[in-house]
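Participant: Can you look at this prediction? I've put the sequence above it.
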Number of protein chains: 2
Amino acid sequence: MVQVRFLPGGQEVAVAAGTSILEAARLAGVEIFPGLCGGQGTCGKCQVRVVGPVSEPDPGELALLEHMADERRLACLTRVLGPEPVEVHLASRRVGNILLEGQGRPVALEPASRWQTIAVPPASLTEARADGTRLEEALGQQLAIPLPILQSLPGRIRQGPISVLTGYGHLWEIAADLGQKTYGVAVDLGTTTVAGYLWDLTNGVCLATSGVLNPQSMYAADVIGRIYYAQQEQDGLAQLTKAAQKAVNQLIGHLAEQAGIDRTEIVDVVMVGNTCMHHLFFGIDPYYLAQAPYVAAWQRSLTAPASEVDLQVYPQAQVTFLPNIAGFVGADTVGAMLAAELDIRPGTKLLVDLGTNGEIVLAAGDRFFACSTAAGPAFEGGQISCGMRADAGAIDHLRWEDGGLRYSVIGQGPPTGLCGSGLVDAIAMLLEIGALDASGRLLGPDEVPAAVRPHILSSPEGNQFTIVGDVRLTQKDVRQVQLAKGAISAGIAVLLGMAGIEAPDEVLLAGALGNNFHQDSARAIGLVPDIPALRGIGNAAGVGAQVALCSLTERRRAELLAARAKHVELATRADFNQAFMEAMFFPGNK
Amino acid sequence: MVQVRFLPGGQEVAVAAGTSILEAARLAGVEIFPGLCGGQGTCGKCQVRVVGPVSEPDPGELALLEHMADERRLACLTRVLGPEPVEVHLASRRVGNILLEGQGRPVALEPASRWQTIAVPPASLTEARADGTRLEEALGQQLAIPLPILQSLPGRIRQGPISVLTGYGHLWEIAADLGQKTYGVAVDLGTTTVAGYLWDLTNGVCLATSGVLNPQSMYAADVIGRIYYAQQEQDGLAQLTKAAQKAVNQLIGHLAEQAGIDRTEIVDVVMVGNTCMHHLFFGIDPYYLAQAPYVAAWQRSLTAPASEVDLQVYPQAQVTFLPNIAGFVGADTVGAMLAAELDIRPGTKLLVDLGTNGEIVLAAGDRFFACSTAAGPAFEGGQISCGMRADAGAIDHLRWEDGGLRYSVIGQGPPTGLCGSGLVDAIAMLLEIGALDASGRLLGPDEVPAAVRPHILSSPEGNQFTIVGDVRLTQKDVRQVQLAKGAISAGIAVLLGMAGIEAPDEVLLAGALGNNFHQDSARAIGLVPDIPALRGIGNAAGVGAQVALCSLTERRRAELLAARAKHVELATRADFNQAFMEAMFFPGNK
């Protein structure tokens, strides 16, 4: 076996010699974008940097890698040889082109802020245009120059070449030392966790990733709770805003420390998050988000000086939150849309982000339909008797095989509960083995095959199904799953109906949860349309934030995606309730 | 005689009944723009508001005044009748259309900042766009909304109609009280004096005008002296900047007091001044203005928050200095170009602003040529033995009539010197009576007619001509005038040569000085081309600042005028020296 280590995450896996790096990554749970060819070695997108004994590139791979830096290989074609360990760097450099970590995609580097070294041509009696005019010509753009910089501009440009930091239509700083670095941070401000990614914006390398818990959880667990806290408590909004800003500051501190840079070198911050997180981060009154018609205060991208949101980075850095679509479809969904390139035609694509609120976006040609459904926390382990997060002890996958129940547990210890992916597997298995009917009723001991019977317990509250030890599913648990999956698939049905489409060409499941589902199980319980093209796209919101951080073109694309999305308020749709009723049932005879 | 009083300046004059208001204004020294027809009653531009016994309008005037408010009349056609006094309001209201005081011109009111009262339509489940989106739709424009405003936006727009202050692409303030006023100030920051004009930007009325001395004069009299002071003294630039900003603050205080408004209601400030005043006001290093190739630090309009230039007005007010053309052709010249509408075709126009530096602009079709010449201070009374400013005691006009010298003196006292217009008259008269030859030599007692002889004094330094008492012109004085007028007319000759034009269709003389010259005298000494269409246009720079204050369209026009002007550096022109040598001579046989 050959030990393979993936960086920057540090995940390790032992695989047989001859295993491809793409396969090793799958086994290690590391996301590598398989590229447009799906791992066939023809698109050249799954580039990684490899250190250690691996197979020699064949002529086809060499052709795809032409002009690339040393050590760069295609993950799908490169096989580890051993016996020494192999190190695989996922986020590495390609000139002018960024390969995003994980479920990312290549992006041409086009940061909003950058240092440039220029020499302003001297004036002469025949070329006596103003200093600012010649400076702008050297920079190739017109800029707003803050007064303190303009005041000393004439002397500065006459001292030889200078470094100039520009961004957001401004000239922020002039320095004498050349070749300075600029760094940027992408933040995914989640209700529970805050994830951050530090990028070197001068060469498109991701230097560090980190996460912290969202300390707003101390005030209330979910967005509705926080909105009421902001409304009802003295300084409630200010407390929540301060907590969020503090968490982002803390995260930036971790990232800077990991990468060994100074946080004041971070010149740009791009954020995503749901609309409530957006409002709370900026201190915008969130009250009306929770009141019909659930309207956001702001839709377009919002850019504020870092100093106004108390972020300790470069003093003139700007913080940009990607656009919202509606009160319950936020910048995180827009980030996912951007990561998944929903605007690329042809074909219809359905993007589903599963969480307490399931956000659903249908892209059909020029048209985008977006909605959110109150799925509830079942798929995150909430309101399920043995439910839990995907932490140590959680059964994450299970199946019925060879007449018995097989399961896998996260970590080394005994099973203590079911996480979301385990729950979906469990329901699919119950349907498969005939312990659950299409209406969602758990069958009694007499109604099931003999092999299943030992798992069934009858109680006054209904039948139960024991998975292992105390880990079991009750009739009430099944009803929660029905409500959650009913909400999601009814939302999907309404959007498909509005677009006049029977089924999408492709379904994309965003979020760690979406990535961990067994796709067959998700189809089997009717959570997603029963089509073969089902793909987990991981933390797409975070990838979208990184894409937007690295490229102004992608930022404009996010703006267009959000502006073009037609938000569908399911509460106004008569067809939603009907679809919901129908979608509560599981596939099969009802 | 009928007493006529002009407002807002308060100038009074007694004229015979039947005198036109335009003529009365001329007699009172009040500038009224005579309009495109030159006072022929056909263009309708010289509108004033009149209170008191005046002639009835004839049908022609009525036609021109159609749709105008009551009391409005054409100054050229309206005759005062008496016996009661007549009050003439120069700057008065016309809905959406401003008639600027003095040598102004009508401008459609289009201020950069304004309060608007709006009601943001409520959201509904079927119209659930973001609060900001609905607000922008109500305002008809996209705006940058500062975070502190956005934070409370959701609550504010739900409380009923609101007043919104917008300007410079920003939403500055939301208030509950409706119908608020906005005021603006235009400032002409001269090397010696600072003139200010306070406008009500909600209805286009000029409420007050005022002037203060430029306290920078305490450090150095002229721009070159100030540039060296800024360079050589400890904190020299900071002192000069502070002095200029303090003067403008003081001026704004006077204006606000006169008009009875609060200075914090002033939301917009537009300034003009020469390039050195521009740099010193903003604290921009002026050193290189005085070094070849005499380059400005900044060309385009420069807008800074009032707080950054220490002006005590509305906290979010912006201060905009009109664009510069070159190191010695500044925003004051651009203001004059705007006031005079040099961009209106057809015909070629020559704009001359006489001062220590004579700025000359030639407009020929699409092309604008601009230059400055070091005319020296002769026309401002400097370097002339009996020279003085146009204050009490100055002889401002003189002529030879009926065999003797006639003169007029400013104020009631005895003559003590010659101001610029008196000097030009004196030289013209000397040429006329044969006391001065075309080469500039003052003739001796034996060479002049008998009637002139008593005025001639011979001395070892050359001949002198006594005007009255101790007020006399020396040979050296004449040489100074020759140098000054030579510089100006050589500059004119170079620009005409570049444009391939023999003579312009019209000559516009800007500045109080240009306005006070006897045009015939200016022609007679060869200061300006000998064409009939010669017109004084008064304080055109100040008018330009006011025009730009009142209208964004005019501000854009100023930008274009400045950008299109080709600056001609006379020092690089071989033809300048030749032209200068020739232009030193006076018209006539050389």
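Facilitator: Alright, I've got the coordinates.
Participant: quick one: low-confidence ranges for chain A?
Facilitator: A:8-9, A:31-39, A:42-45, A:64, A:66-71, A:91-104, A:512, A:514-515, A:589-590 (pLDDT under 70).
Participant: what domains does the record give for it?
Facilitator: According to automatic domain parsing, chain A comprises the domains A:2-90, A:113-175, A:188-321, A:336-377+A:481-583, A:380-480.
Participant: what about residue A:404, how many neighbours?
Facilitator: Burial of residue A:404 is recorded as 10 neighbouring residues (other CB atoms under 10 Å in any protein chain shown). Bear in mind the C-beta positions are built from the backbone N, C-alpha and C, glycine included.
Participant: Not counting sequence-adjacent ones, nearest residue to it?
Facilitator: Ranked by CB to CB, 6 or more residues apart in numbering or on different chains and with sequence neighbours excluded, the top spatial neighbour of residue A:404 is residue A:451, at 7.5 Å.
Participant: Please determine how far the one you found is located from residue A:401.
Facilitator: 11 Å (CB to CB, to the nearest Å).
Participant: Between the two, tell me which one has more neighbours.
Facilitator: Between residue A:451 and residue A:401, counted using other CB under 10 Å, residue A:451 has the larger neighbour count: 12 against 9.
Participant: Give me the phi and psi for that one.
Facilitator: phi -70, psi -20 (degrees, to the nearest 10).
Participant: Could I get the contacting residues of it?
Facilitator: Listed by CB atoms under 8 Å, 6 or more residues apart in numbering or on different chains, the contact partners of residue A:451 are A:403-404, A:433.
Participant: One more: residue A:428?
Facilitator: If a contact means CB under 8 Å, 6+ apart, then residue A:428 has A:518, A:520-522, A:524-525 as its contacts.
Participant: Shouldn't it be within a helix?
Facilitator: Yes - using DSSP: H, G, I helix; E, B strand; the rest coil, the assignment for residue A:428 is a helix.
Participant: Strands along the stretch 351-500 of chain A, start to end?
Facilitator: Taking DSSP state E, counting those that start in this stretch as the criterion, the stretch 351-500 of chain A contains strands spanning A:357-364, A:367-374, A:394-401, A:404-409, A:417-418, A:456-459, A:462-468, A:471-474.
Participant: right, I mislabeled it, should have said the stretch 201-350 of chain A
Facilitator: Along the stretch 201-350 of chain A, counting by DSSP E, counting those that start in this stretch, strands occupy A:205-213, A:266-273, A:302-305, A:318-321, A:348-353.
Participant: do you know how far the residue nearest to residue A:351 when sequence neighbours are not counted is from chain B?
Facilitator: Excluding the flanking residues, the one nearest residue A:351 by CB to CB, 6+ apart is residue A:361, at 4.4 Å. In this structure, residue A:361 and chain B are separated by 17 Å, where distance is defined by CB to the nearest CB, to the nearest Å.
Participant: Please report phi then psi for the residue in the stretch 151-300 of chain A positioned nearest to chain B.
Facilitator: Nearest residue of the stretch 151-300 of chain A to chain B: residue A:299, at 3.8 Å (CB to the nearest CB). Torsion angles at residue A:299 (phi, psi; degrees, to the nearest 10) stand at phi -110, psi -50.
Participant: Likewise for residue A:545?
Facilitator: Residue A:545 has phi and psi values of phi -60, psi -40 when expressed as degrees, to the nearest 10.
Participant: Touching, it and residue A:320? I think so.
Facilitator: No - distance between residue A:545 and residue A:320: 9.6 Å, which falls outside the contact criterion (CB atoms under 8 Å).
Participant: When those two are compared, which one has more neighbours?
Facilitator: The residue with more neighbours, out of residue A:545 and residue A:320 and counting by other CB under 10 Å, is residue A:545; that gives 35 against 21.
Participant: List the residues that contact that one.
Facilitator: If a contact means CB under 8 Å, 6+ apart, then residue A:545 has A:186-188, A:197, A:270-272, A:322, A:335 as its contacts.
Participant: Name the nearest of the residues you listed relative to residue B:89.
Facilitator: The shortest gap between residue B:89 and any of these belongs to residue A:322, at 55.8 Å (CB to CB).
Participant: surely the closest one meets residue A:269?
Facilitator: No - the pair residue A:322 and residue A:269 fails to qualify as a contact (CB under 8 Å) at a distance of 11.6 Å.
Participant: Residue A:365: how many residues sit nearby?
Facilitator: Around residue A:365 sit 11 other residues, with neighbours defined as other CB under 10 Å.
Participant: Give me the distance between it and chain B.
Facilitator: Spatial separation of residue A:365 from chain B under the definition CB to the nearest CB is 23 Å.
Participant: got it, and residue A:124?
Facilitator: Where chain B is concerned, residue A:124 sits at a distance of 5 Å (CB to the nearest CB).
Participant: Name the nearest residue to the residue of the stretch 151-300 of chain A closest to chain B, ignoring sequence neighbours.
Facilitator: The spatial neighbour of residue A:299 that comes closest, neighbours along the chain excluded (CB to CB, 6+ apart), is residue B:130 at 3.8 Å.
Participant: Could you do residue A:243 as well?
Facilitator: Beyond its immediate neighbours in the sequence, the residue positioned closest to residue A:243 (CB to CB, 6+ apart) is residue A:215, lying 4.4 Å away.
Participant: who's in contact with the one you found?
Facilitator: For residue A:215, the set of contacting residues under the criterion of CB under 8 Å, 6+ apart consists of A:243-244, A:246-247.
Participant: try 7 Å this time
Facilitator: Under the criterion of CB atoms under 7 Å, 6 or more residues apart in numbering or on different chains, the contact list for residue A:215 reads A:243, A:246-247.
Participant: thinking again about what came up before, look at residue A:322 and residue A:269 and report which has more neighbours.
Facilitator: Relative neighbour count places residue A:322 above the other of residue A:322 and residue A:269, with 31 against 26, counting by other CB under 10 Å.
Participant: which bits of chain A sit near chain B?
Facilitator: Remark: the part of chain A in contact with chain B comprises A:123-126, A:128-133, A:147, A:150-155, A:282-285, A:287-288, A:292-299, A:304, A:308, A:324, A:326, A:567, A:569, A:571-572, using CB under 7 Å from any CB of the partner chain.
Participant: Tell me which entries of those residues lie within helices.
Facilitator: A:131-133, A:147, A:150-155, A:282 (DSSP state H).
Participant: So among the residues you listed, which ones count as buried?
Facilitator: With neighbours counted by 16 or more other CB atoms under 10 Å in any protein chain shown, these contain buried members at A:131-133, A:150-151, A:153-154, A:282.
Participant: Closest one to residue A:470 out of those, please.
Facilitator: Out of these, the member with the shortest distance to residue A:470 (by CB to CB) is residue A:282, at 44.7 Å.
Participant: If we ignore the residues flanking it in sequence, what's nearest the closest one?
Facilitator: Taking CB to CB, 6+ apart as the measure, residue A:282 lies nearest to residue B:147, with 6.1 Å between them; neighbours along the chain are not counted.
Participant: Distance check, that neighbour against residue A:535.
Facilitator: When distances are taken as CB to CB, residue B:147 and residue A:535 turn out to be 38 Å apart.
Participant: Equivalent analysis for residue A:316, please.
Facilitator: In this structure, residue A:316 lies at 40 Å from residue A:535, with CB to CB as the measure.
Participant: same deal with residue A:403?
Facilitator: Computed with CB to CB, the distance linking residue A:403 and residue A:535 is 32 Å.
Participant: ok, the two, which is more surrounded?
Facilitator: The residue with more neighbours, out of residue A:403 and residue A:535, is residue A:535; 17 against 10, by other CB under 10 Å.
Participant: How about the more buried one: what's its closest non-neighbour residue?
Facilitator: residue A:508 (5.5 Å).
Participant: Same check on residue A:337?
Facilitator: Closest residue to residue A:337 in three dimensions, ignoring its sequence neighbours and counting by CB to CB, 6+ apart: residue A:561, at 4.8 Å.
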